[in-house]
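K.L.:
Next one to model:
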Amino acid sequence: MGLARFVFGTAVEATQAYAVAGVGSTDIDLIRVPLDGGPAVTLATAAVELDLVAVDATQVYFLDIIGPPGARTSTLKSVPRTGGAATALMPLPNGEPLVALDATRLFWVDALGGVYSAPR
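P.N.:
Below is the predicted model:
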């Protein structure tokens, strides 16, 4: 019997669910699961930690978080919804930011309270 995985950071669209799933503090993956059933597909794997941000028509956005607690840095990345290589979009210093997106821009608030935006 395999270990149970915890799931957090979910997003759902018409036919797929996306989530960060892991076992303890290792084996943390960004996964895609069909809503009508079927196996999960791993889209990205973390060295330390991942956090799902958002899903749009073509991409899944996530944070790749590295470093020990209190000294963490994040890189905002995207991966095609269908799978493939992840692309680093921008480093986000100062911990684990809150990130949102609209049709044309990414927005984030860092651990120090700074509010930022950039084209996506």
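
K.L.:
The closest residue in space to Val48 that isn't next to it in sequence: neighbour count?
P.N.:
For Val48, ignoring the flanking residues on the chain, the nearest one in space by Cβ to Cβ, 6 or more residues apart in numbering is Ile66 at 4.8 Å. Glycine gets a C-beta too; all of them are placed from N, C-alpha and C. Other residues within reach of Ile66, judged by other Cβ atoms under 10 Å, total 13.

K.L.:
and if you look at the one 4 residues further on?
P.N.:
Neighbouring residues of Gly70 were enumerated by other Cβ under 10 Å; the total is 6.

K.L.:
One more: the one 10 residues further on?
P.N.:
Using other Cβ under 10 Å, the number of residues around Pro80 comes to 13.

K.L.:
And it, how far from Ala86?
P.N.:
9 Å (Cβ to Cβ, to the nearest Å).

K.L.:
hang on, Ala111 packs against Leu98?
P.N.:
No. Using Cβ atoms under 8 Å, Ala111 makes no contact with Leu98, being 9.4 Å away.

K.L.:
what's the offset of stretch 86-99 from the middle of its chain?
P.N.:
Centre-to-centre, stretch 86-99 and its host chain are 10 Å apart (Cα atoms, centre = their mean, to the nearest Å).

K.L.:
meant to ask about stretch 102-117, not that
P.N.:
15 Å.

K.L.:
mind checking the end-to-end distance for that stretch?
P.N.:
11 Å (Cα to Cα, to the nearest Å).

K.L.:
And for stretch 46-58?
P.N.:
Distance across stretch 46-58, first residue to last, is 21 Å (Cα to Cα).

K.L.:
Buried residues, that stretch. List them.
P.N.:
Ala46, Glu49, Leu50, Asp51, Leu52, Val53, Ala54, Val55 (16 or more other Cβ atoms under 10 Å).
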